[in-house]
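Trainee: I would like the atomic coordinates for the input below:
(one chain, ligands or ions: 1)
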Amino acid sequence: MPSLEEELFPSTPGKFKDRNRHFHRCFASTSTMFLWALFLIALTASYLCFQSFMDSGNRYFTATWGGHHWEKNVINSAQIRRSHGGMSVLVTGAAGFVGSHVSLALKKRGDGVVGIDNFNNYYDPSLKKARKNLLNQNSIFIVDGDINDSKLLVKLFDIARFTHVMHLAAQAGVRYAMENPGSYIHSNIAGLVTLLEVCKNSNPQPAIVWASSSSVYGLNEKVPFSESDRTDQPASLYAATKKAGEEITHTYNHIYGLSITGLRFFTVYGPWGRPDMAYFSFTRNILQGKPITVYRGKNRVDLARDFTYIDDVVKGCIGSLDTSGKSTGSGGKKRGPAPYRIFNLGNTSPVTVPMMVAMLEKHLKVKAKKNFVVMPGNGDVPFTHANISSARKEFGYKPTTDLQTGLKKFVKWYLSYYGYDQGKL
Ligand SMILES: O=C(O)[C@H]1O[C@H](OP(=O)(O)OP(=O)(O)OC[C@H]2O[C@@H](n3ccc(=O)[nH]c3=O)[C@H](O)[C@@H]2O)[C@H](O)[C@@H](O)[C@@H]1O
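Mentor: Numbers count the residues shown, from 1 in each chain. Below is the predicted model:
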């Protein structure tokens, strides 16, 4: 049987095989290695080509936008159905927690609403699909797409003349930033800039209201937190991207005349909430008899949050949209100064995490198995507390739901949504 060498290099009989066997072996093994190397390079190259084809073509595989029917849906959904002062709003992150609630509230009063959401799997996408169904039932169309897709955004602005953008699409979550930092840059920085670019070029320019976060106060110790307090000590990458968003939007306001309002949300909770948040995951664990981990600060000090009920936040979002004023630019050029505003949307009465757990226990009628651990250095801050006087002055923002009442409503929704009210408990 011919050896591998002979198969690969069939030599003319006796040429150098016998006379220079050593040289031949060397040559053959070097050539074999060379061929293997070529093979590996070719394999890697084809893999990389395939990857980049998949990346660039991703849109085509997942594309669910475009076409006559799709455009008709966008136009219908964007239509204002009230006679005075109506607005047509593009809501980004419309299948998200705050996005779905704001979309429904706007639609209810006759404003035009078109949603966009990328339905990523940061948390259970079936919850996002359920929110989408709810919006569809209320004649709100949600486009399945990413805010980084500028072609899609341009198309949307071409066919619907949005007067406002409610920008809520973001990578949320404080602690997850250590696991997946790139996703924060993708959505909270790159996505924001893509959206602003499209808004600045559109004619007329929309006014923009967007979600910043109480986390921008970071290690600030002055309480309650006021908008003028320092925000240059973020404790997490999430907070840093939100703070960066505030600076980025400021430039677009300054250069292009976009009307911008940034809302610093304080731990928003309620029905249809986010499963990654503590009140939600604690509820799940308590019902399943699993332990919960309660973080504590230094010297066993309890952590506290200015938990804010979703309906109050929705009122704040709508108040901001109603008072946003107009963008002054057109075709990418500023014609005069436009409003640039930042507001806290909190509850003004912080509650400790163990107290929040006690409220859940009461509403669920189940005792939690609590493990107290020292707060890990993963981006958390010990407490938040909002001063809301600016929002109150500007658009009458006045939260009315305390945590006890809000959690009761959340638990009612949770039990019904997950089927506990049908005997699962
Ligand atoms: O208001 C904000 O700026 C932020 O509010 C929340 O962030 P956070 O307040 O950390 O909300 P949770 O993740 O629900 O945590 C609430 C409290 O529970 C504590 N916690 C969390 C998780 C856990 O397993 N155990 C625990 O004790 C946290 O330390 C924190 O004190 C949201 O997740 C952010 O997206 C939002 O921007």
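Trainee: Grab the nearest non-local neighbour of the residue in the stretch 301-425 of the chain positioned nearest to the ligand.
Mentor: Nearest residue of the stretch 301-425 of the chain to the ligand: L303, at 3.7 Å (C-beta to the nearest ligand atom). Using the backbone N, CA and C atoms, a C-beta is placed for each residue, glycine as well. The shortest distance from L303 to any residue other than its chain neighbours is 4.9 Å, reached at V353 (C-beta to C-beta, 6 or more residues apart in numbering).
Trainee: How many residues are close by the residue of the stretch 301-425 of the chain closest to the ligand?
Mentor: 20 (other C-beta atoms under 10 Å).
Trainee: and what of P234?
Mentor: 21.
Trainee: Model confidence score at it, please.
Mentor: In this prediction, P234 carries a pLDDT score of 97.
Trainee: For M375, see how far away it is.
Mentor: 16 Å (C-beta to C-beta, to the nearest Å).
Trainee: for the ligand, what are the nearby residues on this structure?
Mentor: Counting by C-beta under 6 Å from any ligand atom, the residues of the chain close to the ligand are 172-174, 213-215, 265-267, 277-278, 293-295, 303, 305, 353, 380.
Trainee: From those residues, which land in strands?
Mentor: When DSSP state E is applied, the residues of the chain next to the ligand are split such that S213, F265, T293, V294, Y295, R305 fall in strands.
Trainee: Generate a PyMOL selection restricted to the buried subset of those.
Mentor: Of those, the buried ones go into a single PyMOL selection, burial set by 16 or more other C-beta atoms under 10 Å:
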select buried, resi 213+265+294+295+305
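Trainee: And the furthest pair within the ones in strands among the residues of the chain next to the ligand?
Mentor: Maximum pairwise distance in these, criterion C-beta to C-beta, is 23.6 Å, between F265 and T293.
Trainee: quick one on the thing from earlier: for the ones in strands among the residues of the chain next to the ligand, could you give me CSV that also reports pLDDT?
Mentor: What follows is these, written out as CSV (pLDDT from 0 to 100):
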residue, pLDDT
S213, 98
F265, 98
T293, 98
V294, 98
Y295, 97
R305, 98
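Trainee: List just the nearest of the ones in strands among the residues of the chain next to the ligand to E221.
Mentor: E221 lies nearest to R305 out of these, by C-beta to C-beta, at 15.7 Å.
Trainee: That closest one and N299, how far apart?
Mentor: Here R305 is placed at a distance of 19 Å from N299 (C-beta to C-beta).
Trainee: and what of N136?
Mentor: Distance, N136 to N299, by C-beta to C-beta: 51 Å.
Trainee: now do R264
Mentor: Here the distance between R264 and N299 works out to 28 Å (C-beta to C-beta).
Trainee: and the two? which has more neighbours close in?
Mentor: Under the criterion of other C-beta under 10 Å, the comparison of R264 against N299 puts R264 first, with 25 against 6.
Trainee: Which pLDDT value goes with that one?
Mentor: At R264 the predicted local confidence, pLDDT, stands at 99.
Trainee: helix, strand or coil for the most centrally placed residue in the chain?
Mentor: For the chain, the residue sitting closest to the mean C-alpha position, by C-alpha atoms, centre = their mean, is A170 at 2.2 Å. Counting by DSSP: H, G, I helix; E, B strand; the rest coil, the backbone at A170 sits in coil.
Trainee: Doesn't M166 belong to a strand?
Mentor: Yes: applying three-state DSSP, one finds M166 inside a strand.
Trainee: For it, which residues count as its bridge partners?
Mentor: V91, V209 (DSSP bridges).
Trainee: What about it, how many residues nearby?
Mentor: Applying other C-beta under 10 Å, we find 33 other residues in the vicinity of M166.
Trainee: Also S183?
Mentor: 17.
Trainee: ok, which stretches of the protein are helices?
Mentor: When assigned using DSSP state H, the helices of the chain occupy the ranges 4-8, 21-62, 68-78, 97-108, 125-137, 150-159, 181-184, 192-201, 237-256, 278-287, 310-322, 353-364, 389-395, 403-417.
Trainee: JSON lines for these, including distance to K222?
Mentor: Written out in JSON lines, the entries for these read as follows (distance: least, C-beta to C-beta, whole Å):
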{"stretch": "helix 4-8", "distance to K222": "76"}
{"stretch": "helix 21-62", "distance to K222": "46"}
{"stretch": "helix 68-78", "distance to K222": "43"}
{"stretch": "helix 97-108", "distance to K222": "27"}
{"stretch": "helix 125-137", "distance to K222": "37"}
{"stretch": "helix 150-159", "distance to K222": "39"}
{"stretch": "helix 181-184", "distance to K222": "26"}
{"stretch": "helix 192-201", "distance to K222": "28"}
{"stretch": "helix 237-256", "distance to K222": "17"}
{"stretch": "helix 278-287", "distance to K222": "25"}
{"stretch": "helix 310-322", "distance to K222": "22"}
{"stretch": "helix 353-364", "distance to K222": "22"}
{"stretch": "helix 389-395", "distance to K222": "15"}
{"stretch": "helix 403-417", "distance to K222": "23"}
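Trainee: Kindly reformat those helices as TSV and extend each row with mean pLDDT.
Mentor: Written out in TSV, the entries for the helices of the chain read as follows (pLDDT from 0 to 100):
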stretch	mean pLDDT
helix 4-8	41
helix 21-62	56
helix 68-78	98
helix 97-108	98
helix 125-137	98
helix 150-159	98
helix 181-184	98
helix 192-201	98
helix 237-256	98
helix 278-287	98
helix 310-322	99
helix 353-364	98
helix 389-395	98
helix 403-417	98
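Trainee: Can you say which of those is nearest to A338?
Mentor: Evaluated over those, closeness to A338 peaks at helix 237-256, with 5.8 Å, by C-beta to C-beta.
Trainee: Next, the angle from the closest one to helix 192-201.
Mentor: Angle, helix 237-256 to helix 192-201, by axes from the mean of the first three to the mean of the last three C-alpha atoms, to 10 degrees: 20 degrees.
Trainee: Now do helix 237-256: which elements does it pack against?
Mentor: If you count contacts as 3 or more C-beta pairs under 8 Å, 6 or more residues apart in numbering; DSSP states H and E, helix 237-256 packs onto helix 181-184, helix 192-201, strand 207-213, strand 260-265, strand 340-345.
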